[in-house]
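> Turn this into a model:
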Amino acid sequence: MQLFSAGARVGLIPVVKGARFQTIAPAEVASALLEAVLEEPSAELHRLRTVGGPEAIGMGELAETWKRHTGSRGHLVHLPLPGAMGKFLREGRNLIPEQRYGSETFGSWLAKHADSL
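Sure, this is the predicted structure:
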C-alpha cells in the first residue's frame, strides 16, 4: 500500500508485471502466531510456520482495489522487474497457496480501515 500511495502522489502507481501476492490481515497473522504458541511442545528446537492470505491476487488487481477504496485517481503503470527478484515474483515463488490462512481479503481489509488509508 505504501508503494501505491507514494506513486499516487505523483499520479503514477507502479505495478510489477506478472507479480502476484497473497496478502494476509495483521489480525490473522496474530491468530496464526497465537495458535503456534499454544501448540503442544515439540522435540524440535525450532519450528517454522508459513501462512499466506486467503487469495493470491495480481498486483494490478491489488492496485485497482486500493484505488477504489481510497478514491485515488493515479494511473497504473505496468513495469517489468528484471533480475532475480522479478523472476521470483513472476514464477509465484512468493506464494504459498497450500498454506492459506484466514478469510479476510485485501478488499475487505481496506473497507474496514478506510478511515485510516
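
> Please identify the helix or strand for the most centrally placed residue in the chain.
Nearest to the geometric centre of the chain sits Thr23, at 2.7 Å (CA atoms, centre = their mean). In the assignment (DSSP states H and E), Thr23 maps to no helix and no strand.

> wait, it sits on Glu104?
No: using CB atoms under 8 Å, Thr23 is not in contact with Glu104; the gap is 9.0 Å. C-beta: built from backbone N, CA, C; applies to glycine.

> hang on, the earlier thing: which residues touch the residue nearest to the centre of the chain?
By CB atoms under 8 Å, 6 or more residues apart in numbering, the contact set of Thr23 is Gly53, Glu55, Ile57, Leu62, Thr105, Phe106, Trp109.

> cutoff 7 Å now
Gly53, Phe106 (CB atoms under 7 Å, 6 or more residues apart in numbering).

> Show me the helices in the chain, by range?
2-9, 26-38, 59-70, 83-90, 106-112 (DSSP state H).

> Out of the ones you listed, which is closest to Arg49?
helix 26-38 (4.9 Å; CB to CB).

> right, and Leu95 touches Thr50 too?
No: using CB atoms under 7 Å, Leu95 is not in contact with Thr50, being 10.7 Å away.

> out of the two, which sits in the busier spot?
Leu95 (17 against 9; other CB atoms under 10 Å).

> how much space between Leu76 and Ala43?
Using CB to CB, to the nearest Å, we find Leu76 at a distance of 50 Å from Ala43.

> With neighbour numbers in mind, choose between the two.
Taking other CB under 10 Å, Leu76 and Ala43 do not tie; Leu76 has more neighbours (16 against 4).

> for that one, what are its contacts?
Counting by CB under 7 Å, 6+ apart, Leu76 has contacts Ile13, Val15, Gly60, Ala63.

> which of those residues lies closest to Val37?
Ala63 (34.9 Å).
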